[in-house]
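[1] Below are the sequence and a predicted model; questions follow.
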Amino acid sequence: MNLPREDLQEFLEQKCLQYNNLAFIENDPVSIPHRYSRKEDIEIAGFLAATISWGNRKSIVANAKRLVGMMDNDPYGFITTASDKETVPFTKFVHRTFNGQDCRFFLRSLKRIYSRHRTMEELFLSFNSKGAGHAISSFRNEFLSPPHEKRSEKHIPDPARGSSAKRINMFLRWMVRKDDRGVDFGIWSRISPANLICPLDVHTGTVARELGLLNRKMNDWRAAEELTTALRTFDAADPVKYDFALFGTGIFEKL
């Protein structure tokens, strides 16, 4: 699908309007943090929902609802006050390869983060000065610093090792981007949307290549950077808004 630049931009803008709206929320993992109004609850629910966001979307949403329900629908309150004994029931939580052992470690690590930082945003502030890859890898190092099983590491991506970090980039889009459309939260004001990296998965990658926005064949960190660089030529201040266009087209349409 080879479109002239002006037509391509018009296509992307139209698809953003089509998918970046409240109707998108219901069947998407972003619906989980939308259950809350407190910043910390949104962060925690969003991070956990994004962490298990692979596979069938219906299953993702159902399991994410179950996970926050196990916290009495009070993520921040549970994370900051629950004893290790109170996390034992989470041993039974499973979403694909994310099992109960992983889940309990994530709860412990989040508790440590909130005991040391007022908000998760503080861990990503190097986004603005050292770039997205460095910020995500630094967050990963901090998150994995408590004792843990090796298996849990695969659930926190590392751009330094080539991961596209799709799920963490999606979470960051939710937290950082702000517009009048009602999907993304924009509660992290100290990170610029201009520095975000577009979440890259099989759907966005396929559409991006079809539109001539991406040449690299692998869906890795270099490809995510290449795609975002191309999107910045259409909107340097907010390139990741086009994630709605690429993902929506990939999921619901055929080019």
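    Yep, that arrived.

[2] C-alpha from now on. contacts and neighbour counts both.
    Noted.

[3] And the helices in the chain, which stretches?
    5-19, 39-51, 57-69, 75-81, 100-116, 127-130, 132-143, 166-176, 202-210, 221-232, 243-252 (DSSP state H).

[4] Minimum distance to Ala160: which of the ones you listed has it?
    Smallest distance to Ala160 across these (C-alpha to C-alpha): 6.7 Å, for helix 132-143.

[5] Could you pull out the buried residues of that closest one?
    Under the neighbour-count criterion of 16 or more other C-alpha atoms under 10 Å, helix 132-143 has Ala132, Gly133, His134, Ala135, Ile136, Ser137, Ser138, Phe139, Arg140, Phe143 buried.

[6] now do stretch 176-185
    Val176, Arg177, Lys178, Val183, Asp184, Phe185.

[7] returning to that earlier point: and the buried residues of helix 132-143, which two are furthest apart?
    Ala132 and Phe143 (16.3 Å).

[8] Switch the buried residues of stretch 176-185 over to JSON lines; also include distance to Asn219 and pLDDT.
    Shown next, in JSON lines, are those (distance: C-alpha to C-alpha, whole Å; pLDDT from 0 to 100):
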{"residue": "Val176", "distance to Asn219": "23", "pLDDT": "98"}
{"residue": "Arg177", "distance to Asn219": "23", "pLDDT": "98"}
{"residue": "Lys178", "distance to Asn219": "26", "pLDDT": "95"}
{"residue": "Val183", "distance to Asn219": "25", "pLDDT": "98"}
{"residue": "Asp184", "distance to Asn219": "24", "pLDDT": "98"}
{"residue": "Phe185", "distance to Asn219": "26", "pLDDT": "98"}
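
[9] related to what we said a few turns ago, just send the helices of the chain back as CSV, with distance to Pro157 too.
    Shown next, in CSV, are the helices of the chain (distance: least, C-alpha to C-alpha, whole Å):
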stretch, distance to Pro157
helix 5-19, 27
helix 39-51, 10
helix 57-69, 18
helix 75-81, 22
helix 100-116, 14
helix 127-130, 16
helix 132-143, 7
helix 166-176, 7
helix 202-210, 16
helix 221-232, 10
helix 243-252, 19
